[in-house]
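Visitor: could you look at this predicted model? Sequence included:
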Amino acid sequence: MREELENVIREVEKVIAGKREAIEKILTALLADGHILLDDVPGVGKTTLAVALSRAVGLSFRRVQFTPDVLPSDLTGFSMYQKAGEALVYQPGILNGTNLLLGDEINRASSKTQSALLEAMEERQATVDGKTYRMEEPFLVIATENSVGTAGTQVLPYAQMDRFLVRLSLGYPDYEAQMTMLRDRQGVNPLDEVRCVMTKEELTGMQREVRAVSAKDVILDYITRLTMASREHEAVEVGISPRGALFIDRMAKARAFLEGRDYVTGADVQAVFRDVCAHRVLLKEAGDSVGRVLDELLKKTENPDRRGLFAGMKKA
Amino acid sequence: MKKRRAGYAVWLLLAAGLYFFENNTGTRVVLLCAVLLPLIPPLRAAFFSPDGPAGEDAAVSLTAGTFERTEQEETGDIRPYIPGDPVRRIHWKLSAKKDELLVRETAAGTEEAEKQVTISEHGRQKKTGRRAAAVCAAGILLCAALLLLTPEARHGAQALCNRLFAASEAVNRYTYVRFAVPEGQDILPAVILLGCIFALLTGIALALRSRLMVFGIMAGCTIFQVYFGLAFPTWINIPLYSLFALRMLRRPVRRKDLTACCALILLVTLLVAAFLPGSDTTTETASEEVRDRLAQITEQITGTAAEAPAGETETRHLHTRSLENGEGEAETGQEFRLVTAEEEQISMPHWVDWVKMILLLILSVMVVALPFAPFLLLNKRKKEAAENRKAFESDDTGIAVQAIFRQVILWFEAVNAGAGNVLFRNWAAALPEDLPEGYAERFARCAEDCEEALYSSHPMPEEKRRDAIKLLKETETALWKKSNRRQRFYLKYWMCLTE
C-alpha cells in the first residue's frame, strides 16, 4: 500500500469507522478516474464520506440534491441577459470548478438533467450556448440511488448506468463501528479533524501513473473471456459491454496501483469484477441475482494465474 | 337518440327497397339482419342508446390534453400596471420587452375566464375536417354543374346510362326508355366528372368521419341497384350492408357488441343460404345449369380417358397380358438374375484382397510396436519434465520461479490436493492440513512471487529462486510421504516429477 494513499484512508477512517473496504474501493475509482454509483439506504454516511475524502485530498466539493425540477442549466450553468452590459453573461453552474460532486438521488432527477450530468461525466466538459467549458481536473461524480422508496423516480436507463465505473454500497456499520461513531461524535465534529494529506496535483499525477500500470496479455485475455462468457451465459439478457471490459481493466490497474504494484494481477481483476459489472448485466428473470451469476462466471472461467503459468510451460 | 332511430329507419328502408327490387339470398340476408339485429335485447341497447359518455369525441378531447385558451384572452387588452392590480395578471414577457409593467385585461376579469378552455385539439380537428368537407362539397357542386350544363358531358352521362340499361335488359325481362343520344357519343368526360364526384364524396366521408356518410354510401348503392336494375352479387351486398350495420353500433364499439353482431349476421347468412336460398326460379335454373356443367365436365373427363395416346395403352395391354399368362417366364427371369449375381461375385476384382493384406500388415506392425509404445510416450513426458527442470536454472529468475512453482502445483494436482480454478494466492487457504508448520505462509509468499514473475516485466531478485526451490523440496518430501502407492507410481512414471 502506498504511503500517501494509506494516509488518505486513515484520514477518512477518522470519520467513517469500519468501512475500510468501501473507502479503498472509492479511492480506487478516484485513481481510475471514473465515476461511482452508490446504491444505498439513507443515512449510512455517503455525504460524510465524500466530504471527508474531498478534504483529505484537497478537492473542491459540492453536493446536489436531485429532485424532478433540478434543471440541466443548474448543473452546467447558463447565460443570462444583463441589461447593463447589453450582453449575455455566463453564470457558472454547479459542475464548474468542482472536483468531487455528490449527486444525491440521481434517479429523482428528470431525464434531461440526468443526461446533462452524464454527458459532463463522460466528456468532462459542458457546452452552453456554443461555448465549451472544461471541468476541473480531477473530476469525480459520486451519484447515489436509494434502494428503498423508488416511487416517483426516473429509473436510470441501462445505457446510462453503463457509464459509471463502479456501483458500490456502503451498508450499515457493525456494532463496533457504530459504537465508535457514536463515541466520536460526543465531542467535536470529526469532520473538522480531517487533514489535507494530498494535493489535487498529486492525485492527477497518480491518475497518470495508474494509466501506465502494465497489464499483460494474459490479463487482457482473462478480461475478454470473462466479458464474453457473460454475454453467453444462459441467465443473462444483456452481458458486459466492451466499455465494461475497458472499465474492468482501468479499475484493476488502479487497484494494482493502490496495492503498490506496477503490474495487474489476476487477483486485481477478480477483486474489481463484481463492483464494475454488477450494474452492467441485465438478467432474463427478475428474481435472479446478479451476484450469483458473476460469481459463477468467475468460477467457471479459467483464471489467468493458471493459464499464464501453464502456457509458459510449452515455451520453456 | 332520435338520430339513431332515424338512422335505423333509413337502414330498414334501404334493406326493404333492395329486397323488393331483387329477391335473392343477399337481399334476404340484408333485410333479415336489418329487422332482426335491433330486436335482439342485448344488441338493442348497442343500436339505440346514445354514444357512451367516454365516447369517441369525449375520449379524444380528454386525451388530447392540450387545451388552448380563448383567443379573446390572447389578444386581450394590455394596459399599464396600476398599483392594486393583481400581480398574477402582469404580462411578464411583454413587461420585460417594453421595460414597464403591463397588465393583461380579460373581458370579465375573473379567474373563470382565465381558466376557460374552449377549443380542444379535437374541436380543431373537427373544424379543419368541416372546412375540407366544405371544399369537397363545392367541388362536387362544380362537377355536377359541369356535368349538367356542358352538352358533351351531359350526353356522355346519358350514353353511360343507356349502356347500363342495355346491360340490365340483358339480365332482366323489362325494357327501358333510352335517352336520345347521338350514336358514338364519347363518354370519357362524363366518366371523368363522375369519378371526380365520387372521389370528392369519399373525401367528405373521410373528412367528416360521420355516420351520415355511411348512410349516403348505402343509399347510393341501393339507388344504383334499383334504378339500373343491376344487382350486386350476393357476396358484395352482404358484407357491404353488414358494414353498415356495424357502423350503426353505439360508440365506443365494445368488443362484445361487435362479436355478437358479426356472429348474428353470419348465422342469418347461413340460415338463409340453407333454408331460403334466393328466389325460386333463379335458384332452379342455376342448379340446372350447374348440373349441366357437371355432366359436361364428367363427359369430358371420361372422353379424355378413352382417348389416351395409342402407344401407351398398347404397352399397358402388353404388360397385363404378360402378367396374366407369363408367370413361368417371370420365374426364369428371377433365376437368371441370381445366376448373374453369383457370376459377378466370382469375377470381383482383386483389389479387395490387396486391401485385406495391407490391413493385416498394419495390424501386425502395430502388435509388434505395442510393447514399445508406453516407453516412447513416457520418454516424451520425461523429456518435457526434464526441460521444465532445466528451466529451474534459467538465467532469468522470473522464468525459474515460474517453472519451480509450476512443479509445485503439478505435485499438488498429482495427489489430488489442488484447489482447482482458484488464484494460486488463494490456494494456501485450501491446502491439506497435515502439511508442516508454516508451510501455507511460505506457499502464499511463493505464489505472490510467481504472480510477480508472471505479470510484471521487471527482473526478480535471486533469493526468490532459492525460496522457491526450498518450497519445492519441502513439497516433494511432504507429499511423497502422504501419497499412497498408486499415487507414487503416477508421480514417478507418468508425471515424471521425481528425478
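Guide: Sure, I can see it.

Visitor: using the three-state scheme, assign the residue of the stretch 301-450 of chain B found nearest chain A.
Guide: The stretch 301-450 of chain B approaches chain A most closely through B:A391 (4.3 Å), counting by Cβ to the nearest Cβ. Yep, even glycine has a C-beta here, placed from its N, CA and C like the rest. Here B:A391 is recorded as helix under DSSP: H, G, I helix; E, B strand; the rest coil.

Visitor: can you give me the strands in the stretch 51-200 of chain B?
Guide: B:68-69, B:77-80, B:102-105, B:117-119 (DSSP state E, counting those that start in this stretch).

Visitor: now the stretch 151-300 of chain A
Guide: Under DSSP E, counting those that start in this stretch, the stretch 151-300 of chain A gives strands at A:166-168, A:236-238, A:282-283.

Visitor: which other helices and strands does the last one contact?
Guide: Judged by 3 or more Cβ pairs under 8 Å, 6 or more residues apart in numbering or on different chains; DSSP states H and E, the packing partners of strand A:282-283 are strand A:236-238.

Visitor: pLDDT at residue 10, what is it?
Guide: You didn't pick a chain, so chain A it is. Listed pLDDT for A:R10 reads 89.

Visitor: nope, chain B please
Guide: Reported pLDDT for B:V10: 80.

Visitor: how about A:K25?
Guide: At A:K25, pLDDT is 91.

Visitor: hang on, it in a helix?
Guide: Yes - with three-state DSSP as the criterion, A:K25 is part of a helix.

Visitor: excluding chain neighbours, what is closest to it?
Guide: Excluding its sequence neighbours, the residue lying closest to A:K25 (Cβ to Cβ, 6 or more residues apart in numbering or on different chains) is A:L168, at 5.6 Å.

Visitor: hmm, A:E21 and that neighbour touching each other?
Guide: No - under the criterion of Cβ atoms under 8 Å, A:L168 makes no contact with A:E21, lying 9.6 Å away.

Visitor: based on its surroundings, how many neighbours for the residue in the stretch 201-316 of chain A positioned nearest to chain B?
Guide: The minimum distance from the stretch 201-316 of chain A to chain B, using Cβ to the nearest Cβ, falls at A:Y263 (3.9 Å). Using other Cβ atoms under 10 Å in any protein chain shown, A:Y263 has 19 other residues around it.

Visitor: same check on B:G184?
Guide: 6.

Visitor: need the pLDDT of residue 222.
Guide: Unless you meant another one, I'm taking chain A. Looking at A:Y222, its pLDDT reads 93.

Visitor: my bad, the chain I had in mind was chain B
Guide: B:T222 is given a pLDDT of 82.

Visitor: need the contact list for A:M251.
Guide: By Cβ atoms under 8 Å, 6 or more residues apart in numbering or on different chains, the residues touching A:M251 are A:T28, A:A29, A:A32, A:G34, A:L165, A:V166, A:V272, A:D275, A:V276.

Visitor: please apply the same query to A:A120.
Guide: Counted by Cβ under 8 Å, 6+ apart, A:A120 has contacts A:L75, A:T76, A:L95, A:A126, A:M135.

Visitor: how much space between it and chain B?
Guide: As for A:A120, its distance to chain B is 30 Å (criterion: Cβ to the nearest Cβ, to the nearest Å).

Visitor: if we can go back for a sec, surely the residue of the stretch 301-450 of chain B closest to chain A meets B:I399?
Guide: Yes - when contacts are counted by Cβ under 8 Å, B:A391 is listed as touching B:I399 (5.9 Å).

Visitor: the two: who's more crowded?
Guide: B:A391 (21 against 18).

Visitor: who's in contact with that one?
Guide: B:A391 touches A:A316, B:I399, B:A400, B:Q402, B:A403, counting by Cβ under 8 Å, 6+ apart.

Visitor: in helices only, show me these.
Guide: B:I399, B:A400, B:Q402, B:A403 (DSSP state H).

Visitor: need the pLDDT of the first one.
Guide: Confidence per residue is given as pLDDT, and for B:I399 that number is 85.

Visitor: could you check which helix or strand contains A:T144?
Guide: Assigned by DSSP states H and E, A:T144 belongs to strand A:140-146.

Visitor: wait, a strand at B:L267?
Guide: No - counting by three-state DSSP, B:L267 is not part of a strand but helix.

Visitor: measure it to B:A167 for me?
Guide: Using Cβ to Cβ, to the nearest Å, B:L267 is found at 34 Å from B:A167.

Visitor: what does chain A put close to chain B?
Guide: For chain A, the residues in contact with chain B (Cβ under 8 Å from any Cβ of the partner chain) are A:214-216, A:218-219, A:261-267, A:270, A:299-303, A:305-306, A:308-310, A:312-313, A:316.

Visitor: just the buried ones from those?
Guide: A:215-216, A:218-219, A:261-267, A:270, A:301, A:303, A:305-306, A:308-309, A:312-313, A:316 (16 or more other Cβ atoms under 10 Å in any protein chain shown).

Visitor: where are the low-confidence patches of the chain?
Guide: By default, I'm working from chain A. Scanning chain A for pLDDT under 70 picks out A:1, A:149-152, A:312-316.

Visitor: I was thinking of chain B, sorry if that wasn't clear
Guide: In chain B, residues with pLDDT under 70: B:1, B:50-76, B:106-125, B:172-174, B:209-212, B:277-291, B:293-294, B:301-349, B:499.

Visitor: domain parsing for chain B?
Guide: B:1-52+B:210-276, B:76-106, B:119-158+B:176-208, B:312-345, B:373-494 (automatic domain parsing).

Visitor: so which of the ones you listed comes closest to A:G287?
Guide: Closest to A:G287 of these is domain B:373-494 (Cβ to Cβ; 27.5 Å).

Visitor: the residue most central in space within chain A: what's it in contact with?
Guide: Most central in chain A under Cα atoms, centre = their mean is A:I36, positioned 2.2 Å from the mean C-alpha point. Counting by Cβ under 8 Å, 6+ apart, A:I36 touches A:I26, A:A29, A:L140, A:V141, A:I142, A:A143, A:F164, A:L165, A:V166, A:R167, A:L168.

Visitor: so who does the last one touch?
Guide: Contacts were defined as Cβ under 8 Å, 6+ apart; by that measure A:L168 touches A:A22, A:K25, A:I26, A:A29, A:I36, A:L37, A:L38, A:D39, A:D275.

Visitor: out of those, which are inside helices?
Guide: A:A22, A:K25, A:I26, A:A29, A:D275.

Visitor: what parts of chain B come near chain A?
Guide: Residues of chain B lying near chain A (Cβ under 8 Å from any Cβ): B:384, B:387-388, B:391, B:394, B:399, B:402-403, B:405-406, B:409, B:421-426, B:450-452, B:454-458.
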